[in-house]
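**Q** just coords:
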DNA sequence: CTTTTGTTTGGACTGAATACAATATAGCAC
DNA sequence: GTGCTATATTGTATTCAGTCCAAACAAAAG
């Protein structure tokens, strides 16, 4: 990435923060930027570790604050991947997640449009205002799936 | 519940533990029993607090151990309710969950197909062995939903 | 009843996240 | 630009969730 596109990216981040009604601050830009450029799913501490090592450093508490702010503003999303620590990702498109039972990897699963599994609009009952349905698929990823590689002898 | 049905229940629990290949021990019977009689979703510490106050007491570590054992044996289930602490429930039928964004309440949502793999097998991609798809519905429960028409009495 | 094997226990420990009060800074008015 | 004020950031202390461990214990098999 050259200087120009880096600048471009920062401009985009700034305008998106502003558009969401958030003040543009160093920590917010840096967290958002890092999450976007890394791609994938990351825990708060994961990001905090990288950012505190960077020039300027960064408080762990700030990372948590910023992640909450960005999530509330809808700029990033908190992935549903089961109990445990929270994983965040910068994604614009709605999707679901596959979580490997063995290695714990989280993989995005595109939302099959109009095929919301088991989604019956009347389901929760009257009075409920459901605004999203997140699906978590569980099983084994290719790397952990013994069925994948023919010829590999299983223990 | 009278003494006879209490005994009956314990017998059932014992046989279910045995049937799952688990030794029948006091802590296991008590945790399983409590989770069944309470109904709903409970965290390990929630259960530990009640059990340690009971006659005989109970170690917090044991509650965690037992919950893991029962979960692995398929006798109870670990509810997918998003990041944070784990919630367990004693339920025989596969279902999904609605989580209120405001109060955090977890409510069971019956699975439209009532069988475990209610999923699109092609979704994650080749090489993946998906064995379950859990749906988390998010929104507002009736108690937190301002849209609920005044005058409507919620059960 | 003895042995074997698996389980329980408490306490120390790790890791994730929050609370809070002091400090710093963005955005605005002038 | 300068200064003001509301909002953010920071570090530390603290809570909360969960794991680890080795010694004591108990279930099931012989």
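**A** On my side now, so go ahead. Everything numeric here is computed off the predicted structure, so don't read it as measured data. Numbers count the residues shown, from 1 in each chain, chains lettered A, B, ... in the order given.

**Q** the one helix or strand residue A:136 maps to - contacts with which helices or strands?
**A** Here residue A:136, judged by DSSP states H and E, is contained in strand A:129-140. Judged by 3 or more CB pairs under 8 Å, 6 or more residues apart in numbering or on different chains; DSSP states H and E, strand A:129-140 is in contact with strand A:95-100, strand B:129-140. Backbone N, C-alpha and C define where each C-beta goes, glycine included.

**Q** can I get the ones you listed in JSON lines with distance to residue A:70, mean pLDDT and mean neighbour count?
**A** Converted to JSON lines, the helices and strands packed on strand A:129-140 look like this (distance: least, CB to CB, whole Å; pLDDT from 0 to 100; neighbours: other CB atoms under 10 Å in any protein chain shown):
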{"stretch": "strand A:95-100", "distance to residue A:70": "18", "mean pLDDT": "91", "mean neighbour count": "21"}
{"stretch": "strand B:129-140", "distance to residue A:70": "18", "mean pLDDT": "87", "mean neighbour count": "20"}
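
**Q** okay, now the sheet partners of the strand holding residue A:136, with direction.
**A** strand A:95-100 (parallel), strand B:129-140 (antiparallel) (DSSP bridges).

**Q** now the last one, how far from the centre of its chain.
**A** Looking back up the chat, that one is strand B:129-140. Strand B:129-140 sits 15 Å away from the centroid of its parent chain (CA atoms, centre = their mean, to the nearest Å).

**Q** domains in chain A, by residue range?
**A** Listed domain ranges for chain A are A:3-79, A:93-143 (source: automatic domain parsing).

**Q** JSON lines for the ones you listed, including distance to residue B:107?
**A** As requested, the domains of chain A are exported to JSON lines (distance: least, CB to CB, whole Å):
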{"stretch": "domain A:3-79", "distance to residue B:107": "20"}
{"stretch": "domain A:93-143", "distance to residue B:107": "6"}
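
**Q** wait, which of these is closest to residue B:134?
**A** Set against residue B:134 and scored by CB to CB, the domains of chain A come closest in domain A:93-143, at 4.7 Å.

**Q** which phi and psi values does the residue nearest to residue A:106 when sequence neighbours are not counted adopt?
**A** Nearest residue to residue A:106 in three dimensions, chain neighbours excluded: residue A:41, at 4.6 Å (CB to CB, 6 or more residues apart in numbering or on different chains). Taking degrees, to the nearest 10, you get phi -110, psi 130 for the backbone angles of residue A:41.
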